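Colleague: coordinates only, no sequence provided:
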């Protein structure tokens with residue numbers, strides 16, 4: 001029965017795809033409307049983070065990773081998409097509830113529009129910096145053909161997590177305040193600025209419990225090293241993507257009546 005409800009829910013959301021696209025595009029444009037540098041902020045923010053992390057870990061801690069700035073950049077772009085989308089999507093059912101009152105829309109449209117908006121941001125930023133990765137290692141070109149599949153899986157995973165958190169945030173309002181702390185710990189537990197090999201062997205099993213580790217490592221394999229991710233890593237990404245998406249919709253359908261009463 002749950003699978004049928006989920007299928008019906010996805011079909012209804014698909015029927016509102018134009019609304020989803022319109023809301024996402026509006027949010028994407030609004031992020032840079034009126035700012036002097038406009039769309040350049042898409043790449044300025046991650047570059048500033050890369051510069052700070054590179055200084056700390058190469059000058060202060062003397063990390064011995066070749067081309068450390070690009071190493072970090074290959075992981076920080078997908079991380080910023082994930083964390084930015086989740087941060088905005090989680091409270092969206094509360095911050096944008098007036099939209100649901102004014103229009104007959106599936107409630108899932110609100111968090112999903114946040115995810116799609118940040119996904120546009122992510123694609124633009126990656127396109128801008130891609131020439132840098134290409135000049136660093138021209139051999140990445142064949143492996144880049146795998147990126148569209150990885151993009152889709154990353155989008156699925158982030159959408160599922162965002163749906164899950166947006167629903168839970170209605171039931172447990174404290175989640176909105178805890179999310180920033182959770183994402184901070186999640187960031188440091190994800191190999192964005194360090195390699196898995198730098199972690200003591202007895203703790204590496206923890207990376208199997210962190211879905212973002214698999215995604216970050218896949219992006220790094222493709223755009224930094226120029227090689228296809230191994231089978232284990234690839235299956236991990238596929239598994240996490242569909243598990244997250246199914247779980248997000250399952251919880252959204254299961255708690256729908258409770259959520260609608262509270263908003």
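Modeller: Arrived safely. Given the structure is predicted, the values throughout are model-derived calculations rather than measurements.
Colleague: helix, strand or coil: sort out residue 173 for me.
Modeller: Reducing the assignment at residue 173 to three states with DSSP: H, G, I helix; E, B strand; the rest coil gives coil.
Colleague: got a pLDDT number for it?
Modeller: Each residue has a pLDDT score; the one for residue 173 is 80.
Colleague: how close does it sit to residue 25?
Modeller: From residue 173 across to residue 25, the span is 30 Å (C-beta to C-beta, to the nearest Å). Placement of C-beta: from N, CA and C, glycine included.
Colleague: equivalent analysis for residue 198, please.
Modeller: 40 Å.
Colleague: list the buried residues for stretch 124-132?
Modeller: By neighbour count with 16 or more other C-beta atoms under 10 Å, stretch 124-132 contains the buried residues 125, 126, 128, 129.
Colleague: let's see which of the residues you listed end up in strands.
Modeller: With strands taken from DSSP state E, there is no overlap with these.
Colleague: narrow the residues you listed to those in helices?
Modeller: Secondary structure assignment by DSSP state H places 125, 126, 128, 129 of those in helices.
Colleague: dump these to CSV, plus pLDDT and distance to residue 69.
Modeller: CSV is the format used below for those (pLDDT from 0 to 100; distance: C-beta to C-beta, whole Å):
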residue, pLDDT, distance to residue 69
125, 89, 15
126, 90, 16
128, 85, 15
129, 87, 11
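Colleague: ok, residues contacting stretch 231-249?
Modeller: Identification of contacts with stretch 231-249 by C-beta atoms under 8 Å, 6 or more residues apart in numbering yields 6, 9-10, 108, 150, 153-154, 156-164, 208, 211, 214-215, 217-218, 221, 228-229.
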